[in-house]
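1. starting from these lines, generate the structure:
(one chain, ligands or ions: 2)
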Amino acid sequence: MQHTPSKNPLTLPSPAKLNLMLHILGRREDGYHELQTLFQFLDYGDEITFAVREDGVICLHTEFPGVPHEQNLIVKAARQLQQQSGCPLGIDIRIKKILPMGGGIGGGSSNAATTLLALNHLWQLNWSDDQLAALGLQLGADVPVFVRGHAAFAEGVGEILTPAEPEEPWYLVLVPQVSVSTAEIFSDPLLTRDSLPIKVRPVPKGNSRNDCEAVVKERYPEVRNALNLLGKYTEAKLTGTGSCIFGAFPNEADADKVLHLLTDTLTGFVAKGSNVSMLHRKLQELSKETGTRYS
Ligand SMILES: C[C@](O)(CO)[C@H](O)COP(=O)(O)OP(=O)(O)OC[C@H]1O[C@@H](n2ccc(N)nc2=O)[C@H](O)[C@@H]1O
Ligand SMILES: Nc1ncnc2c1ncn2[C@@H]1O[C@H](COP(=O)(O)OP(=O)(O)OP(=O)(O)O)[C@@H](O)[C@H]1O
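-> Numbering: from 1, shown residues only. Ligands and ions are numbered 1, 2, ... in the order given. This next block holds a predicted model:
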């Protein structure tokens with residue numbers, strides 16, 4: 001349905017993800033790694049507010065310590081979409097940032113995907129999810145799964161996605177106070193790069209290891225410590241290339257109890273796992289309310 005661009009700001013969630021397992025199968029000529037990983041979203045994340053500008057300027061109003069605006073994935077996503085679509089409109093962007101950076105929970109990639117979906121709507125571009133996911137992949141390997149918004153088994157460098165339906169427990173996520181560079185972990189000579197591909201779907205139980213864990217534990221004592229502490233209560237795993245550690249619990253109260261036992265020494269949060277991202281649930285709600293297609 002056609003309508004004039006909204007002058008009202010649009011606020012959308014930008015959720016975190018977990019890698020429930022991550023196997024590294026090999027390294028490609030371009031240095032990127034072939035993976036098999038299972039993505040699930042958390043009902044926990046940032047909130048981004050967008051307001052259309054008529055003058056074509058893309059302006060991020062929130063400062064990110066250590067990240068110049070031109071390198072921010074939000075600005076990069078907006079600029080790429082503006083250039084590739086030829087859209088004359090601009091955007092004012094503000095973000096309430098709660099996701100840790102370099103935590104392996106995909107904050108930057110999620111911010112980029114939320115930006116692509118918001119601008120596709122506000123600028124009335126009518127791009128398909130396939131087009132947005134392809135643009136997203138140029139920004140980062142994890143962007144496409146956030147664009148599509150469904151839990152998925154991922155292959156290739158993370159861009160070949162098959163929707164998945166893992167259980168949706170509550171998670172306790174511990175956030176060690178270190179930022180891990182994904183590139184640094186993938187370039188470590190000691191990284192396991194020869195896992196055998198899993199051919200059975202859905203992935204059989206017993207394949208939940210993360211091949212990055214050994215290298216990250218070796219380099220970051222804070223991560224090792226968090227794994228040991230959470231491991232006293234439940235199976236504790238690394239997400240992505242870290243630094244965050246997570247464990248599953250049958251309900252919120254049990255996860256909260258362990259969080260409180262650990263908060264003397266560590267920070268963390270409790271959130272529900274979700275197979276449909278809260279961004280896409282919000283977009284579906286808006287579509288129903290307004291009769292306009294949001295995604
Ligand atoms: C490890 C994961 O977090 C799993 O979800 C992701 O695959 C990483 O995704 P991302 O943060 O979006 O990563 P990118 O920004 O695309 O890549 C950062 C760096 O990680 C390395 N990298 C990333 C993904 C991949 N499949 N192989 C790699 O070797 C590359 O050196 C790259 O320069
Ligand atoms: N909008 C953004 N939010 C967070 N980080 C950003 C953003 N834009 C650029 N970055 C840069 O990207 C780096 C990685 O950020 P991100 O939060 O995505 O890490 P991550 O959770 O480890 O992600 P992944 O699991 O996808 O590797 C940051 O250290 C920062 O320099």
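2. for the rest of this, base every contact and every neighbour count on C-alpha atoms.
-> Fine.
3. pLDDT weak spots in this structure?
-> 1-7, 295 (pLDDT under 70).
4. middle-most residue in it, spatially?
-> residue 106 (3.1 Å; CA atoms, centre = their mean).
5. ok, that residue touching residue 14?
-> No - judged on CA atoms under 8 Å, residue 106 makes no contact with residue 14 at a distance of 9.7 Å.
6. who's in contact with the residue nearest to the centre of the chain?
-> Residue 106 makes contact with 16-17, 142, according to CA atoms under 8 Å, 6 or more residues apart in numbering.
7. switch the cut-off to 10 Å
-> Listed by CA atoms under 10 Å, 6 or more residues apart in numbering, the contact set of residue 106 reads 14-19, 41, 45, 99-100, 112, 140, 142-143, 146, 239-240.
8. now do residue 276
-> 40-43, 146, 148-151, 165.
9. give me the buried subset of these.
-> 40-43, 146, 148-151 (16 or more other CA atoms under 10 Å).
10. turn these into CSV, including secondary structure.
-> Below are the buried ones among the contacts of residue 276 laid out as CSV (DSSP: H, G, I helix; E, B strand; the rest coil):
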residue, secondary structure
40, strand
41, strand
42, strand
43, strand
146, helix
148, helix
149, coil
150, strand
151, coil
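11. from these, pick the one nearest residue 64.
-> Residue 64 has its nearest neighbour among those in residue 146, at 21.0 Å by CA to CA.
12. let me know the helix or strand that residue 280 is in.
-> Here residue 280 sits within helix 278-290, counting by DSSP states H and E.
13. could I get the buried residue list for that helix?
-> Buried-residue list, helix 278-290, by 16+ other CA under 10 Å: 278-280, 283.
14. who touches it?
-> 11-16, 41-45, 47, 110, 113-114, 117-118, 146-150, 277, 291-295.
15. CA-only coordinates of it in CSV, if you can.
-> Taking Å, rounded to 0.1, in the frame of the first residue of the first chain, the C-alpha atoms of helix 278-290 are listed here in CSV:
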residue,chain,number,x,y,z
MET,A,278,11.5,-9.7,18.6
LEU,A,279,12.2,-7.3,15.7
HIS,A,280,10.1,-9.4,13.4
ARG,A,281,7.3,-9.8,16.0
LYS,A,282,7.2,-6.0,16.4
LEU,A,283,7.1,-5.5,12.6
GLN,A,284,4.2,-8.0,12.3
GLU,A,285,2.3,-6.1,15.1
LEU,A,286,2.8,-2.8,13.3
SER,A,287,1.6,-4.4,10.0
LYS,A,288,-1.6,-5.5,11.7
GLU,A,289,-2.2,-2.2,13.4
THR,A,290,-1.6,0.0,10.3
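16. and it, how far from the chain's centre?
-> 19 Å (CA atoms, centre = their mean, to the nearest Å).
17. quick check: residue 214 touching residue 227?
-> No - with contacts counted by CA atoms under 10 Å, residue 214 stays clear of residue 227, the gap being 11.2 Å.
18. the more surrounded of these two?
-> A count of neighbours by other CA atoms under 10 Å puts residue 227 above the other of residue 214 and residue 227, at 23 against 14.
19. just to revisit the earlier point, overlap of the contact sets of residue 106 and residue 14?
-> Common neighbours of residue 106 and residue 14 (CA under 10 Å, 6+ apart) are 45, 99, 112, 146.
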